[in-house]
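1. Just a sequence and a predicted model for now, questions to come.
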There are 2 protein chains.
Amino acid sequence: MQAIFKTRKCCIFIQLFQHFPGTHTGNQTNMKRQITIKDIATKLGLSTSTVSRALKDHPDISPKTRTAVKELAGLLGYRPNRIALNLRNNSTRTIGLIIPEIEHYFFSAIINGIEEIAYKNDYSVMVFQSNESYKREVINTQAVLTNRVDGVLVSFSKETNDFSHFQKLIDNEIPVVFFDRTTEELPADQVVADDYQGAFIAVNHLIEKGCKKIAHFAAPQNLQIGKSRLSGYHDALLKHNIPFRHDLVHLADTYETAKKTAHDILRKPDAPDGFFAVNDMSAIAIIKAAKELGKRVPEDVKVVGFENSKSSAISDPELTTIDQFGFDLGREACIMLLKRLKEGDDVEFKPIKKVIKTKLVVRSST
Amino acid sequence: MQAIFKTRKCCIFIQLFQHFPGTHTGNQTNMKRQITIKDIATKLGLSTSTVSRALKDHPDISPKTRTAVKELAGLLGYRPNRIALNLRNNSTRTIGLIIPEIEHYFFSAIINGIEEIAYKNDYSVMVFQSNESYKREVINTQAVLTNRVDGVLVSFSKETNDFSHFQKLIDNEIPVVFFDRTTEELPADQVVADDYQGAFIAVNHLIEKGCKKIAHFAAPQNLQIGKSRLSGYHDALLKHNIPFRHDLVHLADTYETAKKTAHDILRKPDAPDGFFAVNDMSAIAIIKAAKELGKRVPEDVKVVGFENSKSSAISDPELTTIDQFGFDLGREACIMLLKRLKEGDDVEFKPIKKVIKTKLVVRSST
DNA sequence: TTTTTTATTTCAATCGTTTGCAATCATAAA
DNA sequence: TTTATGATTGCAAACGATTGAAATAAAAAA
């Protein structure tokens, strides 16, 4: 009851408060303008330069003025104006992130990794989504330019085949690091998962579990990850002397297309007994389709995904998948970018490609 | 096979390329500094003011100089320096977003909505995650201040009970709009889903489907959403003359806690036949637990979630849930913030609370 | 007492852009 | 020819902080 009363009281306060909002913000009108170094200077009868130096413990400043300045600064709640500093230093301590879609678990995991590193190094992150649209991505690169970010992290859209908009960033001396979806056509750093290895161990696992006929649901082949995972699939088959068959490879990297394709395939008499999907969503769609057609997973059909998303752990049966370590990938990409920002233009540029090892996570779908 | 060969070729190209990266970036050193209005001015023998005015079609400028300036500007690829403008206008055209965790589908949907509106209005979004930590959230509000964003959108962490850090933003005359997780303790705008209504129709649905004993997996009660959904649950029961029982309400708003709690409850002889979970993840955990205990969903146990996440559509059986319309919620919050930014300080401030209606999405878990 | 040294502090320019006001020039009116 | 008019353009200050160089004051040396 006590608690309730407290709340009530609080409510009344709010009510009153909301009727007279002016009274509260009224005395804030003199706060309207952020207080500057100049304010401190005039109040203390000093010049702005002295105040500036006092605040950063410059040895030229006498202890008396130093303490006086710092005291007043603290009292007034002075915060240096970042914008002014940005202008002077020609740097915003901001990094731009161009990404297809936040709502994929993999990308949000990457963002977490990026943010951790950025945060530790006092950088902020500006996020721009391309929504898998090339056109939007081009606009994003412009936005990144006008916002004068110090560097950019990019995973490009599925539609992107031309990279001149990124070249423009490089021309403007803005360091760019590509991650996950990368290209060799630009002189820029890259951080990628070991897609080839991941695909290889995934398919290898399926074969060892007894699969004789393994289908691959692939990503578009303009993406490097699409190519690499396909070739990992290809080579794992070869290792076990299973012939590679074109008709077992299907372009299906979304839940919807994968579900439809899986339905079509599994209905046929000599349907595959194993599936390696380019991502978890496709894999889950395959499981769903199989169950709908009365096939048991993993007894009749085994499925391996790629991502190790949250969904892979909640699907039924739980999905065997390849962990891409999105968080680490994001961390590494950000670390690489910050390194470039630190070294500046003095060093001769030599693109680095960092590969993050992947790992098989065995669950009940195989 | 053709495809594979293509890949090989590409690999060779890469190898060559990485050996001679210098040749590509070599001629970019003369582009180092961004070109400014001053460059155009000196090249044309004009003053910076004239160039500035010419670029924005000021009527005072003669057609000749105007075209000359614009031509040269286009040729040199001039882009106004946003930082300088920021300083002059005391505005960054940036909004700060403080959010618990991007990786929840609901929040990423909200971000999409926010970004759409921001993008249309030529604003950029800076993202700060609190990771459900109060301490980190306080730091985020400081970061938002030093970055001099024009306004802030906030959904606070589960740990947050003290709101003085947000009051500080308001004191600094930075408009703040709270969404989803909000408070009445601050004079600020709010955008929330109709949590009460959502909970009510969810539980009502369970009762109509024949459930006699319905448990609620709730969110922490310091969050308004926790309270509202509980009271929706409460009132729906009352409407059907079902007594509200304290022992049927459990704090379980994550997959892990929900799974454990559901296991405990469902093992008992007089287990509930219906569950209303505060979010989809908890709901899916309940389904999982039920299946593991040999109970059939929806025959023995019916489950309703809250969110309408991607996962709710892929769970098996597919989850009946409440659509929160995260995208629209994000849109509305951003629209509200931009409106505040436009009106400035001249209008007397009166906090607005916008409620987004929710919707029952019936699937196979009920 | 004058000069030199040292300790503090201030001046002024800079970053890139905008904008009120003054200045210049040519043309038209007186 | 002189003055008023209008069309262009330039000057300089402003936004807030930093920094090399100059200036001032105070203390020390001559």
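-> Perfect, I can see it now. Just so it is clear, the structure is predicted and the values come from calculations on it, not from any experiment.
2. So A:Leu130 sits against A:Phe107, correct?
-> You called it Leu, but residue A:130 is Ser. No - between A:Ser130 and A:Phe107 there is no contact under CB atoms under 8 Å: 11.0 Å. Heads up, the C-betas are built off the backbone N, CA and C, glycines and all.
3. Spatially nearest residue to A:Val69 (excluding sequence neighbours)?
-> A:Ala54 (3.8 Å; CB to CB, 6 or more residues apart in numbering or on different chains).
4. list the contacts for the one you found?
-> A:Ile61, A:Thr65, A:Arg66, A:Ala68, A:Val69, A:Lys70 (CB atoms under 8 Å, 6 or more residues apart in numbering or on different chains).
5. between the residues you listed, which is closest to chain B?
-> A:Lys70 (18.1 Å; CB to the nearest CB).
6. list the helices and strands whichever strand or helix holds the closest one packs on?
-> Per DSSP states H and E, A:Lys70 falls inside helix A:63-76. Counting by 3 or more CB pairs under 8 Å, 6 or more residues apart in numbering or on different chains; DSSP states H and E, the packing neighbours recorded for helix A:63-76 are helix A:37-44, helix A:48-55.
7. In JSON lines, list those along with distance to A:Val191 and mean pLDDT.
-> Formatted as JSON lines, those follow (distance: least, CB to CB, whole Å; pLDDT from 0 to 100):
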{"stretch": "helix A:37-44", "distance to A:Val191": "41", "mean pLDDT": "94"}
{"stretch": "helix A:48-55", "distance to A:Val191": "38", "mean pLDDT": "96"}
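8. returning to that earlier point: report the buried members of the contacts of A:Ala54.
-> A:Ile61, A:Arg66, A:Ala68, A:Val69, A:Lys70 (16 or more other CB atoms under 10 Å in any protein chain shown).
9. filter those residues down to the ones near DNA strand C?
-> For DNA strand C, the contacts drawn from these by CB under 7 Å from any atom of the strand are A:Ile61.
10. Relative to DNA strand D, which of the buried ones among the contacts of A:Ala54 is nearest.
-> A:Ile61 (10.2 Å; CB to the nearest atom of the strand).
11. Look at the closest one and report its pLDDT.
-> Predicted confidence (pLDDT) for A:Ile61: 94.
12. Tell me the secondary structure at it.
-> At A:Ile61 the chain is in coil, as set by DSSP: H, G, I helix; E, B strand; the rest coil.
13. Contact residues of chain A facing DNA strand D?
-> So far as CB under 7 Å from any atom of the strand goes, chain A lies against DNA strand D at A:33-34, A:36-38, A:48-49, A:52-53, A:55-56, A:78, A:80-81, A:83-85, A:87-88.
14. Can I have the buried ones of those residues as a PyMOL selection?
-> Here is the PyMOL command that selects the buried residues among those (16+ other CB under 10 Å):
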select buried, chain A and resi 34+36+37+52+53+55+78+81+83+85+87
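15. Could you tell me which residues touch both of A:Ser130 and A:Phe107?
-> Joint contacts of A:Ser130 and A:Phe107 (CB under 8 Å, 6+ apart) are A:Ile99, A:Pro100.
16. Tell me the secondary structure at A:Phe166.
-> Quick answer, by three-state DSSP: A:Phe166 is helix.
17. cool, A:Thr321 as well?
-> Once three-state DSSP is applied, A:Thr321 turns out strand.
18. Apart from its neighbours in sequence, what residue is nearest A:Val154?
-> A:Val154's closest residue in space is A:Ile98 (CB to CB, 6+ apart), at 4.7 Å.
19. before we move on, what about A:Asp195?
-> A:Ser228 (3.7 Å).
20. ranges for the helices of the stretch 201-350 of chain A?
-> A:224-239, A:255-267, A:280-292, A:310-314, A:326-343 (DSSP state H, counting those that start in this stretch).
21. residues in chain A within reach of DNA strand C, list them.
-> Within chain A, the positions near DNA strand C by CB under 7 Å from any atom of the strand are A:45-50, A:53, A:60-65, A:84, A:87-88, A:90.
22. The nearest residue to A:Gly330 once chain neighbours are set aside: how many residues sit nearby?
-> In this structure, A:Gly330 finds its nearest non-sequential neighbour in A:Gly113, 2.6 Å apart by CB to CB, 6+ apart. Neighbours of A:Gly113 under the rule other CB atoms under 10 Å in any protein chain shown: 21.
23. Can you tell me the SS state at the closest residue to A:Asn222 other than its chain neighbours?
-> In this structure, A:Asn222 finds its nearest non-sequential neighbour in A:Asn161, 5.5 Å apart by CB to CB, 6+ apart. Classification of A:Asn161 using three-state DSSP returns coil.
24. Pretty sure A:Ile322 sits against A:Ala202.
-> Yes - judged on CB under 8 Å, A:Ile322 makes contact with A:Ala202 at a distance of 5.4 Å.
25. Identify the contacts common to those two.
-> Shared contacts of A:Ile322 and A:Ala202, counting by CB under 8 Å, 6+ apart, come down to A:Val304, A:Phe306, A:Leu360.
26. what bridges to the first one?
-> Beta bridges link A:Val304 to A:Phe276, A:Thr320, judged by DSSP bridges.
27. repeat for the last one
-> Beta bridges link A:Leu360 to A:Ile322 when assigned by DSSP bridges.
28. Nearest to DNA strand C: which residue in the stretch 101-250 of chain A?
-> A:Arg148 (9.6 Å).
29. Please enumerate the strands of the stretch 51-200 of chain A.
-> For the stretch 51-200 of chain A, strands defined by DSSP state E, counting those that start in this stretch occupy the ranges A:94-99, A:124-129, A:151-154, A:176-179, A:189-193.
30. what are the pairing partners of the third one, and which direction each?
-> When pairing is defined by DSSP bridges, strand A:151-154 lines up against strand A:94-99 (parallel), strand A:176-179 (parallel).
31. for the longest one, what is the average pLDDT?
-> Read that as strand A:94-99. 97.
32. the inter-axis angle of it versus helix A:326-343?
-> Per axes from the mean of the first three to the mean of the last three CA atoms, to 10 degrees, the angle that strand A:94-99 makes with helix A:326-343 is 140 degrees.
33. Next, the angle strand B:124-129 makes with strand A:94-99.
-> Using the same axes, to 10 degrees: strand A:94-99 against strand B:124-129 is 90 degrees.
34. Using neighbour counts, pick out the buried residues of strand A:94-99.
-> A:Thr94, A:Ile95, A:Gly96, A:Leu97, A:Ile98, A:Ile99.
35. Looking at the residues you listed, spot the one nearest A:Ile287.
-> A:Ile99 (27.5 Å; CB to CB).
36. so the closest one makes contact with A:Asn131?
-> No - counting by CB under 8 Å, A:Ile99 does not reach A:Asn131; the two are 9.7 Å apart.
37. looking at it, A:Val304 is touching A:His205, isn't it?
-> Yes - in this structure A:Val304 lies within contact range of A:His205 using CB under 8 Å: 6.4 Å.
38. Please enumerate the shared neighbours of these two.
-> A:Thr320, A:Thr366.
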